[in-house]
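Novice: Pasting the sequence and the predicted model now:
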Amino acid sequence: MMEIEKSDAWQRHQLATLERMQRDLARLTHPVIRAVGLCGVAYLASWAVVMVFGAAVGAMVVVAALSAGALVLGAPAFSLAIGVERYLRGRLEDHMS
(Lines give C-alpha, C1' and ligand atoms only; values in the text may rest on other atoms or scores of the structure.)
Protein backbone atom coordinates (compact mmCIF):
# COMPACT_ATOMS: atom_id res chain seq x y z
CA MET A 1 0.00 0.00 0.00
CA MET A 2 1.30 3.42 -0.91
CA GLU A 3 1.81 5.81 1.97
CA ILE A 4 1.48 9.53 1.34
CA GLU A 5 3.43 11.85 3.62
CA LYS A 6 2.54 15.44 4.27
CA SER A 7 5.20 17.96 3.39
CA ASP A 8 7.00 19.91 6.09
CA ALA A 9 5.37 23.11 4.88
CA TRP A 10 1.91 21.55 5.23
CA GLN A 11 2.69 20.31 8.75
CA ARG A 12 3.95 23.77 9.75
CA HIS A 13 0.78 25.29 8.30
CA GLN A 14 -1.39 22.90 10.32
CA LEU A 15 0.60 23.64 13.48
CA ALA A 16 0.27 27.40 12.95
CA THR A 17 -3.47 27.01 12.36
CA LEU A 18 -3.90 24.98 15.56
CA GLU A 19 -1.88 27.49 17.57
CA ARG A 20 -3.98 30.36 16.21
CA MET A 21 -7.20 28.46 16.94
CA GLN A 22 -6.07 27.78 20.51
CA ARG A 23 -5.13 31.44 21.02
CA ASP A 24 -8.47 32.63 19.62
CA LEU A 25 -10.50 30.20 21.73
CA ALA A 26 -8.42 31.01 24.82
CA ARG A 27 -9.95 34.49 24.78
CA LEU A 28 -13.26 32.76 25.52
CA THR A 29 -12.20 29.82 27.67
CA HIS A 30 -9.73 31.49 30.05
CA PRO A 31 -12.23 34.02 31.46
CA VAL A 32 -14.70 31.20 32.13
CA ILE A 33 -12.05 29.13 33.89
CA ARG A 34 -10.92 32.13 35.96
CA ALA A 35 -14.48 33.16 36.90
CA VAL A 36 -15.47 29.67 38.05
CA GLY A 37 -12.19 29.36 39.95
CA LEU A 38 -12.80 32.69 41.66
CA CYS A 39 -16.32 31.62 42.63
CA GLY A 40 -14.89 28.40 44.06
CA VAL A 41 -12.39 30.33 46.16
CA ALA A 42 -15.13 32.71 47.37
CA TYR A 43 -17.36 29.76 48.24
CA LEU A 44 -14.68 27.98 50.28
CA ALA A 45 -13.49 31.15 51.98
CA SER A 46 -16.99 32.26 52.95
CA TRP A 47 -17.87 28.85 54.38
CA ALA A 48 -14.60 28.83 56.30
CA VAL A 49 -15.57 32.16 57.91
CA VAL A 50 -19.05 30.82 58.71
CA MET A 51 -17.58 27.68 60.29
CA VAL A 52 -15.13 29.68 62.41
CA PHE A 53 -17.45 32.50 63.51
CA GLY A 54 -20.79 30.73 63.31
CA ALA A 55 -23.98 31.72 61.54
CA ALA A 56 -23.80 35.20 63.08
CA VAL A 57 -21.86 36.30 60.00
CA GLY A 58 -24.96 36.45 57.81
CA ALA A 59 -23.23 38.27 54.96
CA MET A 60 -20.88 35.35 54.46
CA VAL A 61 -23.81 32.96 54.16
CA VAL A 62 -25.16 35.15 51.37
CA VAL A 63 -21.72 35.20 49.67
CA ALA A 64 -21.52 31.42 49.99
CA ALA A 65 -24.99 30.98 48.51
CA LEU A 66 -24.31 33.34 45.59
CA SER A 67 -20.95 31.80 44.80
CA ALA A 68 -22.45 28.29 45.02
CA GLY A 69 -25.15 29.35 42.57
CA ALA A 70 -22.53 30.74 40.21
CA LEU A 71 -20.58 27.48 40.47
CA VAL A 72 -23.64 25.40 39.64
CA LEU A 73 -24.61 27.63 36.72
CA GLY A 74 -21.03 27.91 35.46
CA ALA A 75 -20.18 24.21 35.70
CA PRO A 76 -21.28 23.30 32.14
CA ALA A 77 -19.34 26.22 30.63
CA PHE A 78 -16.34 25.34 32.81
CA SER A 79 -16.43 21.71 31.66
CA LEU A 80 -16.67 22.77 28.03
CA ALA A 81 -13.80 25.26 28.41
CA ILE A 82 -11.57 22.65 30.05
CA GLY A 83 -12.47 20.11 27.35
CA VAL A 84 -11.64 22.51 24.54
CA GLU A 85 -8.33 23.47 26.16
CA ARG A 86 -7.32 19.84 26.71
CA TYR A 87 -8.33 18.83 23.18
CA LEU A 88 -6.35 21.62 21.53
CA ARG A 89 -3.35 21.09 23.80
CA GLY A 90 -3.39 17.38 22.94
CA ARG A 91 -3.57 18.12 19.21
CA LEU A 92 -0.65 20.55 19.53
CA GLU A 93 1.41 17.99 21.43
CA ASP A 94 0.68 15.38 18.75
CA HIS A 95 1.88 17.76 16.02
CA MET A 96 4.97 18.75 17.98
CA SER A 97 6.21 15.19 18.30
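Specialist: Now that the structure is in, tell me what you want to look at. Residues are numbered from 1 along each chain as shown.
Novice: for the protein, longest helix please?
Specialist: Longest helix in the chain by number of residues (criterion: DSSP state H): helix 8-53.
Novice: Provide a list of residue ranges in the protein with pLDDT below threshold.
Specialist: 1-3, 55 (pLDDT under 70).
Novice: Find the nearest non-adjacent residue to residue 82, please.
Specialist: The shortest distance from residue 82 to any non-neighbouring residue, by CB to CB, 6 or more residues apart in numbering, is to residue 33 (6.9 Å). Glycine gets a C-beta too; all of them are placed from N, C-alpha and C.
Novice: now the one you found: how far from residue 88?
Specialist: For residue 33, the distance to residue 88 equals 14 Å [CB to CB, to the nearest Å].
Novice: hmm, back to that, please name every helix or strand in contact with the longest helix of the chain.
Specialist: Counting contacts by 3 or more CB pairs under 8 Å, 6 or more residues apart in numbering; DSSP states H and E, helix 8-53 is packed against helix 58-96.
Novice: what's the angle from the helix it packs on to helix 8-53?
Specialist: Helix 58-96 runs at 160 degrees relative to helix 8-53, counting by axes from the mean of the first three to the mean of the last three CA atoms, to 10 degrees.
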